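Peer 1: What would the 3D arrangement of this be:
(one chain, ligands or ions: 1)
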Amino acid sequence: MFLLVKHVFILALVIAFWEASPVVTGISIGMSEVSVSVTNSLQGNLNLTIHCKSKDDDLGIHVLPFNGRYQWQFKPNIFGTTLFSCDLSMRDGSIGYDLYSYEKDRLRCPTECIWIAKTEGLVGLSQDAAFSTILVKWQRRAN
Ligand SMILES: *[C@@H]1O[C@H](CO)[C@@H](O)[C@H](O)[C@H]1NC(C)=O
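Peer 2: Just a heads-up that it's a prediction; the model follows:
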């Protein structure tokens, strides 16, 4: 009985400390912010059109001139289901791809997911060297 009371007391202390410590709660509950960017590095001064959506948000259609960059930030939800799927198109082709998926990208690019649209395809840089660079090829338009 004495042991049980002691344990309850310790538990209460731990909870009190936990509540009182913003650092501890911040780390355990908060997800760090992720930034996703797409840069138009297409040869030939071509525009790049991008349209990204999550389940809750439509980020709209954006036209990037050569060297233009489009970027957005968000905090992944605590359920681990955050996903942004995007349609990219340029003169010669298009790509449909998830530019961010918590499940696939939380370790590959925990805070900064950088995409570069090139003539050969969409290149995805990884923050962690354990992950290789991604190349998504353009689906060429039928003439
Ligand atoms: C690129 O987009 C801009 C603005 O939408 C437009 O004025 C321009 O003509 C476009 N350039 C090409 C090469 O399509």
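Peer 1: how many neighbours does the spatially closest residue to Gln43 that is not a sequence neighbour have?
Peer 2: Once flanking residues are discounted, Gln43 sits nearest to Thr119: 4.8 Å by CB to CB, 6 or more residues apart in numbering. Just so you know, the C-beta spots here come from the backbone N, C-alpha and C atoms, and that holds for glycine as well. For Thr119, the count of nearby residues is 13 (other CB atoms under 10 Å).
Peer 1: For Thr119, which residues are in contact?
Peer 2: By CB atoms under 8 Å, 6 or more residues apart in numbering, the contact set of Thr119 is Leu42, Gln43, Gly44.
Peer 1: mind redoing it with 10 Å?
Peer 2: If you count contacts by CB atoms under 10 Å, 6 or more residues apart in numbering, Thr119 has them with Ser41, Leu42, Gln43, Gly44, Leu46, Met90, Asp92, Gly93, Trp138.
Peer 1: Can you pull the residues of the chain lying near the ligand?
Peer 2: Contact residues (CB under 6 Å from any ligand atom) of the chain with the ligand: Asn47, Val63, Pro65.
Peer 1: mind giving me the domain ranges of the protein?
Peer 2: As assigned by automatic domain parsing, the chain contains the domains 1-30, 31-140.
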